[in-house]
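In: would you be able to build a 3D model of this:
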Amino acid sequence: MQPSPSTAQPPPDTRQLRRVALSGLLGTAVEFYDFLVYGTVAALVFGDLFFPKADPAVGTIAAFGTFAAGYVARPLGGIVFGHFGDRIGRKSMMLLTMALMGCGSFLIGVLPTYDAIGVWAPVLLVTLRVVQGIAIGGEWGGATLMVVEHAERTQSGRRGMWSSFTMLGAPLGSVLSAGMVTLVSGLPDDQFRAWGWRVPFLLSIVLLAVGLFVRLKVAESPLFAQVKREPRAKPPVVEVLRRPKPVLMACGVGIGAFTAQSLLTGFMISYAVDIGYSRSQVLTAVTIASCVALLVLPAASALSDRVGRRPVVLAGAVASAALAFPVLALVNSGSPGLLILALALGHGVAQSTMYGPLGALLTEMFGTRVRYTGASLGYQAATLVGAGFSPLIASSLLASYGGGSTPVSLLLCGGAAVTALTVWRLRETRANALENHETRSVTPTPEGTPR
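Out: Numbers count the residues shown, from 1 in each chain. Sure, this is the predicted structure:
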């Protein structure tokens, strides 16, 4: 019996879902491109260009300190954009965060150095990093929620796979940033220091234009459109922090992935160059590792749709801890081939396995009314602890103890251990219905259902 025209349901709008997924991919690619370009250039020349009065070791620490400043601002961005994203809408915040990110990166590309304007150069650099950090603090949450919430209506059993498009922006941004810096670092050293380092920042405007064009065409999240009409007395951040355990668990589960990502990309460039590798050799290794991640990350995300988020993330954390010392031993060998193998295993495989399911996992931990705020705050707190301070801590420890890679390996193990212990305490979220409007408990129950 055919349904009557009045009761027939329209087919799922998979074209809109694909468009939303593409917008999420581009947004995260811009995010990681901007941050990784900064991390790479900071490792190579920012110590001299913006902190020339310091000795080389202190200059490197100061450069990574400005790197950390951007991460410090990210939880604030998660709160601010999360609030308006949960009250006004996901789409408008996505457009604003992308515009701020791209413009901040472009302005870094035209920033005068210390020789031109003195102390104002590092002051302005830190200011732009903070603006970037605030914008990026709201970017991931909006992009990921749009994809997962659209997928809930069309392909709810494949939320992990669809969320991987947003997560793929990380290795894609890494490939683009490493490739671009590789091109300009081939210039003579005086030209690279004079103007070559600016080119990757200036070209971020192209990614921004493409990303904004795509985002203007996406529709608002259908789940948010439902709850927008409901009365809400308290700000979303108050609702989230009234029961802080989900946010703390969301932070803990992401720390391992961000610690590994930060140490094995931006920081590793500085470390490997210092022990004798050429810039092109290190950037090539980072690029190849990121290409491996482009394959592993969606595979891990799709696998989490079948076996659950917890076992996949836990497997990645265990692998990251197990590989921490072997990876640094391979790097210390001095062989370019072994350097590629080290980063491919540590970053391309282990880190991507931890990172891939996070988009779906963190989204599923919060109800629709507070999802933007809760997921963003947990995710950005993890980036602050795992990625923001790891290079600074590693640089400081290496300077204090006169070299040796043991501190870096211990940091990798520590981040992985935090993730593993947190995931062990999480209940599985794969079967959660996203229409649930309440923040969910994260304590395991025998039945595997929310308390």
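
In: what are the buried residues along stretch 83-92?
Out: Buried residues in stretch 83-92, defined by neighbour count with 16 or more other Cβ atoms under 10 Å: 83, 84, 85, 86, 87, 89, 90, 91. C-beta: built from backbone N, CA, C; applies to glycine.

In: would you turn those into JSON lines with pLDDT and secondary structure?
Out: Shown next, in JSON lines, are the buried residues of stretch 83-92 (pLDDT from 0 to 100; DSSP: H, G, I helix; E, B strand; the rest coil):
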{"residue": "83", "pLDDT": "82", "secondary structure": "helix"}
{"residue": "84", "pLDDT": "85", "secondary structure": "helix"}
{"residue": "85", "pLDDT": "82", "secondary structure": "helix"}
{"residue": "86", "pLDDT": "82", "secondary structure": "helix"}
{"residue": "87", "pLDDT": "81", "secondary structure": "helix"}
{"residue": "89", "pLDDT": "78", "secondary structure": "coil"}
{"residue": "90", "pLDDT": "79", "secondary structure": "helix"}
{"residue": "91", "pLDDT": "83", "secondary structure": "helix"}
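
In: the helices in the stretch 1-150 of the chain, which residues?
Out: Along the stretch 1-150 of the chain, counting by DSSP state H, counting those that start in this stretch, helices occupy 14-41, 47-50, 56-87, 90-109, 114-117, 120-154.

In: lowest-confidence stretch among those helices?
Out: Note on the helices of the stretch 1-150 of the chain: lowest mean pLDDT is at helix 56-87, with a mean of 74.

In: show me where the stretch 251-400 of the chain has helices.
Out: 268-274, 279-307, 309-332, 336-343, 352-355, 358-364, 371-383, 390-400.

In: among the ones you listed, which comes closest to residue 235?
Out: Residue 235 lies closest to helix 371-383 among the helices of the stretch 251-400 of the chain, at 8.4 Å (Cβ to Cβ).

In: what's the angle between that closest one and helix 90-109?
Out: Inter-element angle recorded for helix 371-383 and helix 90-109: 30 degrees (by axes from the mean of the first three to the mean of the last three Cα atoms, to 10 degrees).

In: kindly format the C-alpha coordinates of helix 371-383 as CSV.
Out: Output of helix 371-383 as CSV, limited to C-alpha atoms (Å, rounded to 0.1, in the frame of the first residue of the first chain):
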residue,chain,number,x,y,z
ARG,A,371,26.0,20.6,22.9
TYR,A,372,28.0,23.4,21.3
THR,A,373,29.2,24.8,24.6
GLY,A,374,29.9,21.4,26.3
ALA,A,375,31.7,19.8,23.3
SER,A,376,33.7,22.9,22.5
LEU,A,377,34.7,23.5,26.1
GLY,A,378,35.8,19.9,26.6
TYR,A,379,37.7,19.7,23.3
GLN,A,380,39.4,23.1,23.7
ALA,A,381,40.5,22.4,27.2
ALA,A,382,42.1,19.2,25.9
THR,A,383,43.9,21.2,23.3
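
In: adding distance to residue 413, mean pLDDT and mean neighbour count, write the helices of the stretch 251-400 of the chain out as a markdown table.
Out: Shown next, in a markdown table, are these (distance: least, Cβ to Cβ, whole Å; pLDDT from 0 to 100; neighbours: other Cβ atoms under 10 Å):
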| stretch | distance to residue 413 | mean pLDDT | mean neighbour count |
| --- | --- | --- | --- |
| helix 268-274 | 16 | 86 | 22 |
| helix 279-307 | 19 | 91 | 21 |
| helix 309-332 | 5 | 96 | 22 |
| helix 336-343 | 15 | 96 | 20 |
| helix 352-355 | 13 | 95 | 29 |
| helix 358-364 | 20 | 90 | 30 |
| helix 371-383 | 17 | 89 | 30 |
| helix 390-400 | 12 | 82 | 21 |
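
In: out of those, which is closest to residue 172?
Out: Of these, nearest to residue 172 by Cβ to Cβ is helix 279-307, at 6.7 Å.

In: from the chain's centroid, how far away is that closest one?
Out: 14 Å (Cα atoms, centre = their mean, to the nearest Å).

In: and stretch 90-110, by the same measure?
Out: Between the centre of stretch 90-110 and the centre of its chain there are 15 Å (Cα atoms, centre = their mean).

In: just the CA trace of that stretch, in PDB.
Out: Output in PDB follows, covering the C-alpha atoms of stretch 90-110 (Å, rounded to 0.1, in the frame of the first residue of the first chain):
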ATOM      1  CA  ARG A  90      25.500  26.800  14.600                       C
ATOM      2  CA  LYS A  91      25.800  28.300  11.100                       C
ATOM      3  CA  SER A  92      26.200  31.900  12.000                       C
ATOM      4  CA  MET A  93      29.000  31.100  14.500                       C
ATOM      5  CA  MET A  94      30.700  28.900  11.900                       C
ATOM      6  CA  LEU A  95      30.900  31.800   9.500                       C
ATOM      7  CA  LEU A  96      32.200  34.200  12.200                       C
ATOM      8  CA  THR A  97      34.900  31.800  13.500                       C
ATOM      9  CA  MET A  98      36.200  31.000  10.100                       C
ATOM     10  CA  ALA A  99      36.500  34.700   9.200                       C
ATOM     11  CA  LEU A 100      38.300  35.600  12.400                       C
ATOM     12  CA  MET A 101      40.700  32.600  11.900                       C
ATOM     13  CA  GLY A 102      41.700  33.400   8.400                       C
ATOM     14  CA  CYS A 103      42.000  37.200   8.900                       C
ATOM     15  CA  GLY A 104      44.200  36.600  12.000                       C
ATOM     16  CA  SER A 105      46.500  34.400  10.000                       C
ATOM     17  CA  PHE A 106      46.700  36.900   7.200                       C
ATOM     18  CA  LEU A 107      47.600  39.700   9.600                       C
ATOM     19  CA  ILE A 108      50.400  37.600  11.100                       C
ATOM     20  CA  GLY A 109      51.800  37.400   7.500                       C
ATOM     21  CA  VAL A 110      52.000  41.300   7.300                       C
END
